[in-house]
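1. I'd like to go over a predicted model; first the sequence, then the structure.
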Protein chains: 2
Amino acid sequence: VARTEDELIGWLRRRASGAGGERIGDDAALLPAGGPWALTTDTQIEGVHFLPGTDPRLVARRLLAVNLSDLAAVGAEPRFALAALATPAGFAHRRFLGALVAACRRHRVELVGGDLARSPVATAVLTLAGVRPPGGRWLRRGAARPGDALWLGGDVGWAAAGLELVRRGGGIERGRLVLPPSLSGDRRLAAAARRALSRHLLPAPQLELGAWLGRQRRAAAIDVSDGLSLDLGRLCRASDVGATVDADPLAADPALARLARRLDRDPLALALGGGEDYVLLFTLAPPVEPPAHFACRRIGVIDRGAGLRLSADGSVRPLAQRGWDHLAGPAAG
Amino acid sequence: VARTEDELIGWLRRRASGAGGERIGDDAALLPAGGPWALTTDTQIEGVHFLPGTDPRLVARRLLAVNLSDLAAVGAEPRFALAALATPAGFAHRRFLGALVAACRRHRVELVGGDLARSPVATAVLTLAGVRPPGGRWLRRGAARPGDALWLGGDVGWAAAGLELVRRGGGIERGRLVLPPSLSGDRRLAAAARRALSRHLLPAPQLELGAWLGRQRRAAAIDVSDGLSLDLGRLCRASDVGATVDADPLAADPALARLARRLDRDPLALALGGGEDYVLLFTLAPPVEPPAHFACRRIGVIDRGAGLRLSADGSVRPLAQRGWDHLAGPAAG
């Protein structure tokens, strides 16, 4: 355990050598000329975003991943990070910062600065600066137009199932996923549960997909952080359009359906309102389609009328915007 | 009180119109081409950096001020801000964000993004991006050389006296400074106490001085946030030099001396270890001197031998590095 701030920062400078460490230590991090830049900031708080007792390395990796997802959603290429860390006495700073530096290296991000403070509640805030790739455009929420196809960069609902598993005692120990005892009997269910846990604990930011979208003539994008229907509502309001979502591709995965039933949850509700999937939700004007290797799925269409609709079993009904509201908690709008 | 995140962000976009509001609302804030950039992040936590019950507007202004001081210390011109705000239920978001936007406007900073979360402890993290002025250099901690003169951008010790006054019941109410009852009798003492309180509650970042220093051929700088001796130690280690500080200009102010005595504190100890003054501590190679209107004071000299020394009453003795360590608390190194 580091005794003083200066000792810890000295350790971090050495640890992050070649990955931003040389820039650490002035009052502000000094970046090279470049840009244009995208800046984003995101927070992980003990008892809110992760359970007390969670391995600080996992918190660090997740913090970086959710921030990277925001850069993916605007089509930026990540470059620099600053970490503000406020923690109670005894917090394992080196575990956290060591894992953060390692995760940054994997994404070619330099950790260039930050702030340390004491707090009764462990709170980590990461700020990322990303650059717009040459020849790319920024992705905006407001670029959707009626007639565009609506796409998801992957499947949704898994992370919410994973959170439910964590609440029931699932997690990660010494780098291995641990299932709640009640789920370890059934092999197929256990495989689905491991997938859900890892999707919740360590989301994979879709940076390559974001970069591809930024090279298209027009695309709107947002990352699904708070819930598909809630985040789709945001994209539609920013674009002054509505959307009709097709239930079939969202409820098609038998593995998620089986796991959801075991957790007493409706799989379609998990997919529409679960949140924390950190896949990109985006629109493209047909006939443009994402390359097959991204494994995207077309889930609906942008239309002129405001609001969201769900098409299921041959009928169309209004779709409530459900998900996680950071002020109000579980939200229905 | 805002009910939902989207409602609050909508309000903020309108409120910050013309001051970054138009950039709020995508997954990351998109900056224009420019730079090179300096990035800094700083934190204010309830019960750590400010007392529970402090007016959120004051917290917002102070948060911006201490961050601007970091940009001043590298010679950057502030441009963009992101605010991460984690708060308990019932927090007056609009008071906080309204004051933050207004303070940003005064400094020509655009508030372009951020993050909202719930937390049992009100925690505000601000990230600032500043640009290097054309023709300017970055100020670094590591640029001091033996023979340089050591300067302070103003007087120190006042903010620490102000903190002591806050602990004894002083503060600000409806925009007016309120003194602890025990100090309101003596007019001269009351004037000094008001000065100390305002220095603690609302530090004035020395951006113009930082910009001037950035135009000099060589200058090292740091802002005095944690304590003069502690921050001087950091500057000296970064530059691989030592320093001898002259006690006389630090203990020369009779008003601070009187206030310190009333608070049972040694004025020189307040000046050397108090912290939170947010004036620039910097070095210049003679004969270069800061223009008189900055009201800087020369407080010593950089020398070859490592460590810090204090020259007082005709003798020189080692100077302990005292101040606030963000991991360990009050520090002596």
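-> Cool, got the structure.
2. what's the span of stretch A:103-121 from first residue to last?
-> End-to-end distance for stretch A:103-121, by Cα to Cα, to the nearest Å: 23 Å.
3. Name the residues of the stretch 51-200 of chain A found near chain B, please.
-> Along the stretch 51-200 of chain A, the residues adjacent to chain B under the rule Cβ under 8 Å from any Cβ of the partner chain are A:69-71, A:73-74, A:76, A:80, A:82-84, A:86, A:93, A:112-121, A:123, A:125, A:127-130, A:138-141. All C-beta atoms are positioned from the backbone trio N, CA, C, and that covers glycine.
4. Which stretches in the stretch 51-200 of chain A count as strands?
-> Taking DSSP state E, counting those that start in this stretch as the test, the strands found in the stretch 51-200 of chain A are A:77-87, A:110-118, A:123-131, A:149-152, A:171-173, A:176-178.
5. Distance of the residue of the stretch 51-200 of chain A found nearest chain B relative to residue B:297?
-> Scanning the stretch 51-200 of chain A for proximity to chain B using Cβ to the nearest Cβ identifies residue A:73 as nearest, at 3.7 Å. Plainly put, residue A:73 is 50 Å away from residue B:297 if you go by Cβ to Cβ, to the nearest Å.
6. Who has more neighbours out of those two?
-> Using other Cβ atoms under 10 Å in any protein chain shown, the more surrounded residue of residue A:73 and residue B:297 is residue A:73, with 35 against 18.
7. Just the pLDDT at that one, thanks.
-> With respect to pLDDT, residue A:73 scores 96.
8. In the stretch 201-333 of chain A, where is pLDDT below threshold?
-> When residues are selected by pLDDT under 70, those of the stretch 201-333 of chain A lie in A:331-333.
9. The nearest residue to residue A:37 once chain neighbours are set aside and residue A:72, how far apart?
-> Excluding the flanking residues, the one nearest residue A:37 by Cβ to Cβ, 6 or more residues apart in numbering or on different chains is residue B:31, at 4.6 Å. Here the criterion is Cβ to Cβ. By it, residue B:31 lies 17 Å from residue A:72.
10. which of those two has more neighbours?
-> When neighbours are counted by other Cβ under 10 Å, residue A:72 comes out ahead of the other of residue B:31 and residue A:72, with 31 against 22.
11. residues touching that one, list them.
-> With contacts defined as Cβ atoms under 8 Å, 6 or more residues apart in numbering or on different chains, the neighbours of residue A:72 are A:205, A:206, A:207, A:209, A:210, A:211, A:223, A:280.
12. what's the one helix or strand the fourth one maps to packed up against?
-> Under DSSP states H and E, the secondary-structure element containing residue A:209 is helix A:207-214. Contact partners of helix A:207-214 among helices and strands, from 3 or more Cβ pairs under 8 Å, 6 or more residues apart in numbering or on different chains; DSSP states H and E: helix A:56-74, strand A:77-87, strand A:219-223, strand A:280-284.
13. Which parts of chain A are helices?
-> Taking DSSP state H as the criterion, chain A contains helices spanning A:5-15, A:56-74, A:93-106, A:158-167, A:187-201, A:207-214, A:228-239, A:247-250, A:254-262, A:267-273.
14. now those in TSV, with distance to residue B:306?
-> TSV is the format used below for the helices of chain A (distance: least, Cβ to Cβ, whole Å):
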stretch	distance to residue B:306
helix A:5-15	15
helix A:56-74	34
helix A:93-106	26
helix A:158-167	50
helix A:187-201	46
helix A:207-214	45
helix A:228-239	55
helix A:247-250	65
helix A:254-262	62
helix A:267-273	60
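15. Let me know which of those helices is the nearest to residue A:307.
-> Each of the helices of chain A was scored for nearness to residue A:307 using Cβ to Cβ, and the closest is helix A:228-239 (7.7 Å).
16. Just give me how far that closest one sits from the chain centre.
-> Averaged C-alpha coordinates place helix A:228-239 at 16 Å from its chain's average position (Cα atoms, centre = their mean, to the nearest Å).
17. Between strand A:219-223 and that helix, find me the angle.
-> Put simply, helix A:228-239 runs at 140 degrees to strand A:219-223, going by axes from the mean of the first three to the mean of the last three Cα atoms, to 10 degrees.
18. and helix A:228-239 with chain B, contact?
-> Yes: using Cβ under 8 Å from any Cβ, a contact is recorded between helix A:228-239 and chain B, made by A:234, A:238.
19. Just want the angle from that helix to helix B:5-15.
-> Note on geometry: by the same axes, to 10 degrees, helix A:228-239 and helix B:5-15 are set 20 degrees apart in direction.
20. From the contact counts, what lies against helix A:228-239?
-> Applying 3+ Cβ pairs under 8 Å, 6+ apart, one finds that helix A:228-239 contacts strand A:219-223, strand A:242-246, helix A:267-273, strand A:280-284, strand A:307-312, strand A:322-325.
21. picking up where we left off before, let me know which of the strands of the stretch 51-200 of chain A is tucked in deepest.
-> Neighbour counts (mean count of other Cβ atoms under 10 Å in any protein chain shown) averaged over each of the strands of the stretch 51-200 of chain A peak at strand A:123-131, with a mean of 27.
22. Out of the contacts of residue A:72, the closest to chain B would be?
-> Proximity of these to chain B (Cβ to the nearest Cβ) peaks at residue A:223, which lies at 5.9 Å.
23. So the closest one sits against residue A:70, correct?
-> Yes: in this structure, residue A:223 sits in contact with residue A:70. The criterion is Cβ atoms under 8 Å, and the distance is 6.3 Å.
24. shared neighbours of those two, anything?
-> Where contact means Cβ under 8 Å, 6+ apart, the residues bridging residue A:223 and residue A:70 through contact with each are residue B:27.
25. more crowded one of those two?
-> Summary of the neighbour comparison: residue A:223 and residue A:70, criterion other Cβ under 10 Å, with residue A:70 having more neighbours (29 against 26).
26. residues in contact with the more buried one?
-> Taking Cβ under 8 Å, 6+ apart, we find residue A:70 in contact with A:40, A:42, A:128, A:223, B:27, B:28.
27. again, only using 7 Å
-> The contact partners of residue A:70, taken as Cβ atoms under 7 Å, 6 or more residues apart in numbering or on different chains, are A:40, A:42, A:223, B:27, B:28.
28. what's the neighbour count on the second one?
-> When neighbours are counted by other Cβ under 10 Å, residue A:42 registers 26.
29. One more: the one 3 residues further on?
-> A count of neighbours around residue A:45, defined by other Cβ under 10 Å, yields 22.
30. circling back: which pair in the contacts of residue A:72 has the greatest spatial separation?
-> Considering Cβ to Cβ, no two members of the contacts of residue A:72 lie farther apart than A:211 and A:223, which are separated by 13.9 Å.
31. wait, which of the helices and strands packed on helix A:207-214 is closest to residue A:150?
-> The minimum distance between residue A:150 and the helices and strands packed on helix A:207-214 falls on strand A:280-284, with 5.6 Å, by Cβ to Cβ.
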